[in-house]
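Chemist: Just need the structure, nothing else, for what follows:
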Amino acid sequence: MKNVSYYLFSHNALYTFIGGVIDLVKKVDSDELGVTVFLKNTESTCEKFEYALQRDLVNPFTQLLFEADQKRDNRFLGFKGYVAIGKYHESEAWNKAAAEIEVLIDRYGGDLYKMAVAEETAVLDNLISDLNAEPYATAIRTIQGKEWMDFMVLANQEYKDLSLQRSELNNTNTNTLGDSRKPAVNAVKSLLSMISLLNQATANPVLSTLIEQLDNHIAKSMASARLSYSLNEKEEISEEK
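Modeler: Okay, here's the model as predicted:
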């Protein structure tokens, strides 16, 4: 099955893409194919994502929070990558310190950036708290990782500050894009992966036809997403000049 670059999708484009996947899968017997659980999970998370889109349509914090979440994801990945590289340093002390920090990161989840934002915030807070305490504080100094850690800490705090400001806005719809986009993406990823795996295992002609339809949907959606992404980048560059 074709790859999907989910980061290229705007919120509305992602909702449309997932809706298209759901519609195609619902045309076949999901019970017979063994994907009903994955389909229902995708429908459920997509519904919450739809509510979030409705809530955030006119909310001034929507784009700010989305960008802030992406920024802290990148800063976490940067810190994690710096630590991983440290294991190959020529200094034995450096290697040991980096390995020690990596174990801590893995304990909290090396993929924590994929969590829903509220959960990600809580996990990052705990991780940062541990990193500031011994023996990890010494390990951070050993690998000279304070700058990368500070980047992560600042980005997480910036997100929390924006989230706090937003929470002061009264709204009975508590679904947010940050809380619902990642679960929606993870759910449709699981659904598509299961369909692909089942096709490899069974060579079911129904699955083969479904995958052809999904590939066509993915190709059209990605072409549109890439064009929009490229145009947005050009607009941002133009505004900077």
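Chemist: The chain - how does it break down into domains?
Modeler: The chain breaks down into these domains under automatic domain parsing: 6-57+174-240, 62-167.
Chemist: Rounded mean pLDDT for the last one, please.
Modeler: By that I understand domain 62-167. What domain 62-167 shows for mean pLDDT is 94.
Chemist: What of the longest one?
Modeler: The pLDDT scores in domain 6-57+174-240 average 86.
Chemist: Could you export the domains of the chain to a markdown table, including columns for mean neighbour count?
Modeler: Using the backbone N, CA and C atoms, a C-beta is placed for each residue, glycine as well. Listed next are the domains of the chain as a markdown table, based on neighbours: other Cβ atoms under 10 Å:
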| stretch | mean neighbour count |
| --- | --- |
| domain 6-57+174-240 | 16 |
| domain 62-167 | 16 |
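Chemist: need the contact list for Ser108.
Modeler: Check again: residue 108 is Tyr, not Ser. 123, 126-127 (Cβ atoms under 8 Å, 6 or more residues apart in numbering).
Chemist: cutoff 6 Å now
Modeler: With contacts defined as Cβ atoms under 6 Å, 6 or more residues apart in numbering, Tyr108 is in contact with 123, 127.
Chemist: Same question for the one 5 residues further on.
Modeler: The neighbourhood of Tyr113, defined by Cβ under 6 Å, 6+ apart, consists of 73, 76.
Chemist: measure it to Asn74 for me?
Modeler: With the distance defined as Cβ to Cβ, to the nearest Å, Tyr113 ends up 8 Å from Asn74.
Chemist: Would you map the helices across the chain?
Modeler: With DSSP state H as the criterion, the chain has helices at 11-26, 30-33, 36-56, 62-86, 92-108, 117-131, 136-142, 146-167, 177-202, 205-240.
Chemist: Which of those helices sits closest to Val4?
Modeler: helix 205-240 (5.7 Å; Cβ to Cβ).
Chemist: hang on, the earlier thing: of all the helices of the chain, which lies closest to Asn3?
Modeler: Comparing these against Asn3 with Cβ to Cβ, the closest turns out to be helix 205-240 (8.0 Å).
Chemist: re the thing from before, do you know which of the helices of the chain lies nearest Lys2?
Modeler: Using Cβ to Cβ, the helices of the chain put helix 205-240 closest to Lys2, at 4.5 Å.
Chemist: what's the closest non-adjacent residue to Thr121?
Modeler: Spatial nearest neighbour of Thr121, chain neighbours left out: Lys160 (6.2 Å); criterion: Cβ to Cβ, 6 or more residues apart in numbering.
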